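Q: model this:
(2 chains)
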Number of protein chains: 2
Amino acid sequence: MTDRRGLLIILSSPSGAGKSTLAKQLMAWDPSLKFSVSATTRDPREGEVDKRDYFFVSEADFRKAVSQGEMLEHAHVFGNNYGSPKSPVEAAIGAGRDVLFDIDWQGAQQIRTSALGPYTLSIFILPPSIPELHRRLISRGQDTTETIAKRMRKSWDEISHWDGYDYVLVNDSLEETEEKLKTIIKAERMRVAQQPRLSDHVRRLQTEFEELK
Amino acid sequence: MTDRRGLLIILSSPSGAGKSTLAKQLMAWDPSLKFSVSATTRDPREGEVDKRDYFFVSEADFRKAVSQGEMLEHAHVFGNNYGSPKSPVEAAIGAGRDVLFDIDWQGAQQIRTSALGPYTLSIFILPPSIPELHRRLISRGQDTTETIAKRMRKSWDEISHWDGYDYVLVNDSLEETEEKLKTIIKAERMRVAQQPRLSDHVRRLQTEFEELK
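A: Numbering: from 1, shown residues only, chains lettered A, B, ... in the order given. Reported below is the predicted structural model:
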């Protein structure tokens, strides 16, 4: 009997497109999902908790982790480093749990081209419109006007990589997008490669077939 | 703007595993689906209607169609020929409609390795058990004991090719299997390759982004 290896489920989108809310909804829907907490060198924002929202690390520790191959992917965004620590992901997928990543296109590309590429399922969330994206960034009230302008430029950079993903959704409605994400995850789990235990079922059918003759 | 090309959705299973019932349920669920009516040289069974259940053709006409490349796939089963006429499939997928095939592993393999391979989505339905499959074949009362024995041998041949398919389902309950099939089809339609019109959406986002600056 071969046990199932978990999937790496990557969600990417420009900020403000609803990705973090959707990730939280998926985690609530399926407690077997493991969220990949990123490491970052940026300072915590108000309300952010170390090890839950991010692993807040020093520049030196981040570089050391990268040089020792402990990051599955890493990217430099707005002067800060972000990365996905490898060991929690390997432990989870080894135990058959799917891991959810909330990362940008650079990270997605690195994971897709890594040894774990074949276990990856990547989904890009597009905003319904740019004015709507802009509105959402302003209304969440987290950023200065300057930061919002920077995020908008980064948003376009992010959006321009939409077609490197397996699936793409336009987030017109959070409820519908959540349903679509669940549909994709449920379907992917029905792929032959995701059901190694089916070999046991087929062997049992073979035995039953021999007995029938 | 590029229009969507339909998918070739292949359902295979040993006879008695519920495939035909499931195909009917899918057709009722989504009227945009086109069922690929097979051509066959065997005689019609009671209740079967020409052009609806099969295209009943002569041996000579069948061979001629194959030699003229008019069959997408064809197979010889129990002394009869079966094949999928190519032109209705091409017309449907060209118009963006998905086509549903109820064919065996030989046909599935031929389509998968054809030029239409990249547009193919294949699903194998496994029976919960061989005694159950045997029971279903007997209870539908269509066949003689001898034919049932022949079908059971063919069943094993069919089952042994389960792992060449994209998705595999064990048909424990028709309702659940129907839901799973719908989930797979809905998810596959969200793949980037299945949504060529998204390029238009992204171009619109780009224009909006330029206007914002």
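Q: so how far is the helix or strand hosting A:K154 from its chain's centroid?
A: Using DSSP states H and E, A:K154 sits within helix A:145-159. Computed by C-alpha atoms, centre = their mean, to the nearest Å, the chain-centroid distance of helix A:145-159 equals 20 Å.
Q: can you give me the buried ones in it?
A: By neighbour count on 16 or more other C-beta atoms under 10 Å in any protein chain shown, the buried set for helix A:145-159 is A:I148, A:R151, A:M152, A:S155, A:W156, A:E158, A:I159. For every residue, glycine as well, the C-beta is placed using N, CA and C.
Q: likewise for stretch A:45-65?
A: Buried-residue list, stretch A:45-65, by 16+ other C-beta under 10 Å: A:Y54, A:F55, A:F56, A:V57, A:F62, A:A65.
Q: and for stretch A:83-91?
A: Neighbour-count burial for stretch A:83-91 flags A:G83, A:S84, A:P85, A:K86, A:P88, A:V89 (criterion: 16+ other C-beta under 10 Å).
Q: anything in the host helix or strand of A:D200 near chain B?
A: Using DSSP H and E, A:D200 maps to helix A:198-212. Yes: residues of helix A:198-212 are located near chain B by C-beta under 8 Å from any C-beta of the partner chain, namely A:L198, A:S199, A:H201, A:V202, A:R204, A:L205, A:Q206, A:E208, A:F209, A:E211, A:L212.
Q: list of residues touching that helix?
A: Contact with helix A:198-212 is made by A:1-2, A:192, B:126-127, B:129-131, B:134, B:152, B:155-156, B:159-160, B:162-163, B:168, B:170, as judged by C-beta atoms under 8 Å, 6 or more residues apart in numbering or on different chains.
Q: in ChimeraX, how would I select just the buried ones from those?
A: Of the contacts of helix A:198-212, the buried ones go into a single ChimeraX selection, burial set by 16+ other C-beta under 10 Å:
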select /A:192 /B:126,127,129,130,134,152,155,156,159,162,168,170
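Q: list the ones among the contacts of helix A:198-212 that fall in helices.
A: Applying DSSP state H to the contacts of helix A:198-212, the entries found in helices are B:I130, B:P131, B:H134, B:M152, B:S155, B:W156, B:I159.
Q: restrict the residues you listed to those near chain A?
A: Contacts with chain A are made by B:I130, B:P131, B:H134, B:M152, B:S155, B:W156, B:I159 out of the ones in helices among the contacts of helix A:198-212, judged by C-beta under 8 Å from any C-beta.
Q: confidence score at the fourth one?
A: Right, the one you point to is B:M152. pLDDT, B:M152: 91.
Q: got it, and the fifth one?
A: The predicted structure scores B:S155 at 92 on the pLDDT scale.
Q: for the last one, same thing?
A: Confidence at B:I159, expressed as pLDDT, is 96.
Q: dump the ones in helices among the contacts of helix A:198-212 to a markdown table, plus distance to B:T144.
A: Output for the ones in helices among the contacts of helix A:198-212, formatted as a markdown table (distance: C-beta to C-beta, whole Å):
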| residue | distance to B:T144 |
| --- | --- |
| B:I130 | 20 |
| B:P131 | 20 |
| B:H134 | 14 |
| B:M152 | 13 |
| B:S155 | 16 |
| B:W156 | 19 |
| B:I159 | 22 |
